[in-house]
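Student: what shape does this take:
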Amino acid sequence: MLSALKSITLTTGLLFCIATQAATIELVDGTRILGEIKSLNDGVYVIDTPSLGQMRIEQKKVRSISKDKAATANNLSIDSIRQSLINSPETMKAILALQNDPQVKAILADPELMQLINSGNMNALQNNPKIQQLMTNPEVQSITKQILLGQ
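Tutor: All right, here's what the predicted structure looks like:
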């Protein structure tokens, strides 16, 4: 049960990391881009900007991402997302299946990273290389889409 709770916590943290919301993206060269992060697939961010339209930026060119504090994952609380996860047997099954994934096992076994997830510091979490790599996992992306569409 403890492992399931950790998986739910991890999934909730990931959801907040990649949920669509206003962000300032700072590139390695110092350029700042304002927009909404739509996805992160195969190491490439897709960002909708008001002035430049949709942009694709390689993850390795991104120095940091700062989320608009007023925007959260569809303005939902962490508790409401956790409750939604618990009430969705299909999503829970997918989350529990992730417990066998080596990347997820490494994150769940990392006390510092779990503390970061539990702290709610989504900027630090989003900039963590282990989390960035996990967010490119197709199973994680599928679960996140299920959760966002279910909300």
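Student: pLDDT below threshold where in the protein?
Tutor: Scanning the chain for pLDDT under 70 picks out 1-9, 11-22, 50-51, 68-82, 84-85, 147-151.
Student: now do 80
Tutor: 1-23, 49-52, 67-88, 91, 117-127, 141-151 (pLDDT under 80).
Student: could you pull out the strands in it for me?
Tutor: For the chain, the strands defined by DSSP state E cover 22-27, 32-41, 44-49, 53-58, 62-67.
Student: now tell me what touches the second one from outside.
Tutor: Same thing as strand 32-41. 18, 20-27, 45-50, 52, 54-55, 57, 59, 65, 132, 135-136, 141 (C-beta atoms under 8 Å, 6 or more residues apart in numbering). Yep, even glycine has a C-beta here, placed from its N, CA and C like the rest.
Student: hang on, the earlier thing: let me have the strands of the chain in JSON lines, extended by distance to N127 and mean neighbour count.
Tutor: Below are those laid out as JSON lines (distance: least, C-beta to C-beta, whole Å; neighbours: other C-beta atoms under 10 Å):
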{"stretch": "strand 22-27", "distance to N127": "10", "mean neighbour count": "16"}
{"stretch": "strand 32-41", "distance to N127": "13", "mean neighbour count": "17"}
{"stretch": "strand 44-49", "distance to N127": "13", "mean neighbour count": "17"}
{"stretch": "strand 53-58", "distance to N127": "15", "mean neighbour count": "12"}
{"stretch": "strand 62-67", "distance to N127": "6", "mean neighbour count": "16"}
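Student: export those strands to CSV and tack on distance to A109?
Tutor: Below are the strands of the chain laid out as CSV (distance: least, C-beta to C-beta, whole Å):
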stretch, distance to A109
strand 22-27, 30
strand 32-41, 24
strand 44-49, 28
strand 53-58, 29
strand 62-67, 26
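Student: tell me which of those sits nearest to A97.
Tutor: Proximity to A97 (C-beta to C-beta) singles out strand 32-41 among those, at 20.6 Å.
Student: quick one: strands adjacent to that closest one?
Tutor: strand 22-27 (antiparallel), strand 44-49 (antiparallel) (DSSP bridges).
Student: alpha carbons of the first one, as CSV, please.
Tutor: As requested, the backbone C-alpha atoms of strand 22-27 are provided in CSV (Å, rounded to 0.1, in the frame of the first residue of the first chain):
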residue,chain,number,x,y,z
ALA,A,22,1.5,29.7,-18.7
ALA,A,23,5.3,29.5,-18.3
THR,A,24,8.5,31.4,-18.9
ILE,A,25,11.0,29.2,-20.6
GLU,A,26,14.7,30.3,-20.3
LEU,A,27,17.0,28.9,-22.9
